[in-house]
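1. I would like the atomic coordinates for the input below:
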Amino acid sequence: MRYFASVREALGTGSETIETAAADLGALRDELIARGEPHASALARGKAVRMALDQLMSTEGAALREGQEVAFFPPVTGG
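-> All right, here's what the predicted structure looks like:
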């Protein structure tokens, strides 16, 4: 699991390894929120958070497989 920008700052870490029973990214996000603070605030529903699987932008319905890299980050703009 990797966290970037404001999500990383809120959680106080850039990465962690977890085991999950979540079938997709949305369920994983809910599982992390259920941990309580600081995950609950950083990944809250209604908050704009982007997700990626193995460095590819993904939707909440994307299925998880063992060993995948999951990333959470705020929306970003280029310039």
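
2. Tell me who's in contact with the residue nearest the centre of the chain.
-> By CA atoms, centre = their mean, the mean C-alpha position of the chain lies nearest to residue 72, the distance being 3.4 Å. Contact partners of residue 72, counting by CB atoms under 8 Å, 6 or more residues apart in numbering, are 1-4, 7, 29, 42-43, 49-51. In this view, the C-beta of every residue, glycine as well, is placed from N, C-alpha and C.

3. same question, residue 62
-> 24-25, 51, 53.

4. Try it again at 6 Å.
-> 24-25, 53 (CB atoms under 6 Å, 6 or more residues apart in numbering).

5. out of the contacts of residue 72, who's nearest residue 66?
-> residue 1 (13.2 Å; CB to CB).

6. so that closest one touches residue 69, yeah?
-> No - if you go by CB atoms under 6 Å, residue 1 and residue 69 don't touch, sitting 7.8 Å apart.

7. Pick out whichever of those two has more residues nearby.
-> residue 1 (17 against 12; other CB atoms under 10 Å).

8. Give the helix, strand or coil label for the residue nearest to the centre of the chain.
-> strand (DSSP: H, G, I helix; E, B strand; the rest coil).

9. Low-confidence stretches in this protein?
-> Scanning the chain for pLDDT under 70 picks out 77-79.

10. For the helix or strand containing residue 51, which outside residues touch it?
-> Using DSSP states H and E, residue 51 maps to strand 50-53. Strand 50-53 has contacts (CB under 6 Å, 6+ apart) with 25, 58, 62, 68, 71-73, 75.

11. Give the partner strands of that strand in its sheet and their orientations.
-> strand 56-58 (antiparallel), strand 70-73 (antiparallel) (DSSP bridges).

12. got the CA positions of the longest one in CSV?
-> Yep, that's strand 70-73 we're talking about. The C-alpha trace of strand 70-73 is given here as CSV (Å, rounded to 0.1, in the frame of the first residue of the first chain):
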residue,chain,number,x,y,z
VAL,A,70,-2.4,-0.2,-4.2
ALA,A,71,-1.9,3.6,-4.1
PHE,A,72,-4.1,6.3,-2.6
PHE,A,73,-3.6,10.0,-3.5
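
13. For it, what is the distance to the chain centroid?
-> Here the centre of strand 70-73 is set off from its chain's centre by 4 Å, with CA atoms, centre = their mean, to the nearest Å.

14. Noted, bye for now.
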